[in-house]
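Visitor: requesting a structural model of the entry that follows:
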Amino acid sequence: MNGWIRQFHRWMAVFFTVTVVVTVVALAQKDPIVWVSYVPLLPLALLFFTGLYLFALPYLVKRRRARA
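Guide: Numbers count the residues shown, from 1 in each chain. Okay, here's the model as predicted:
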């Protein structure tokens, strides 16, 4: 499961980068579409939660080993 989350986090980072580039290009147009600026928020939220999990993982493992 941890490997899957780590791989998902990596792919979300790539997807987030692509959405940011697309957003910058879309907003640089003569008549920008404002709602495009919200597109990177979903991958950013997923990155946040998976990143929190990956950050806390060593501490959770350490706590489990201390109990055992």
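Visitor: could you use CA atoms for every contact and neighbour count after this?
Guide: OK.
Visitor: output the contacting helices and strands for the helix or strand bottoming out on mean pLDDT in the chain.
Guide: Least confident element among the helices and strands of the chain, by mean pLDDT, DSSP states H and E: helix 41-67 (a mean of 92). Helix 41-67 is packed against helix 2-27, with contacts defined by 3 or more C-alpha pairs under 8 Å, 6 or more residues apart in numbering; DSSP states H and E.
Visitor: orientation of the least confident helix or strand of the chain relative to helix 2-27 in degrees?
Guide: Angle, helix 41-67 to helix 2-27, by axes from the mean of the first three to the mean of the last three C-alpha atoms, to 10 degrees: 160 degrees.
Visitor: for helix 41-67, buried residues please.
Guide: Pro43, Leu44, Leu46, Leu47, Thr50, Gly51 (16 or more other C-alpha atoms under 10 Å).
Visitor: now distance to Leu60 too, for those, in CSV please.
Guide: Converted to CSV, those look like this (distance: C-alpha to C-alpha, whole Å):
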residue, distance to Leu60
Pro43, 25
Leu44, 24
Leu46, 20
Leu47, 19
Thr50, 14
Gly51, 14
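Visitor: of the residues you listed, closest to Lys62?
Guide: Gly51 (18.0 Å; C-alpha to C-alpha).
Visitor: so who does the closest one touch?
Guide: His9 (C-alpha atoms under 8 Å, 6 or more residues apart in numbering).
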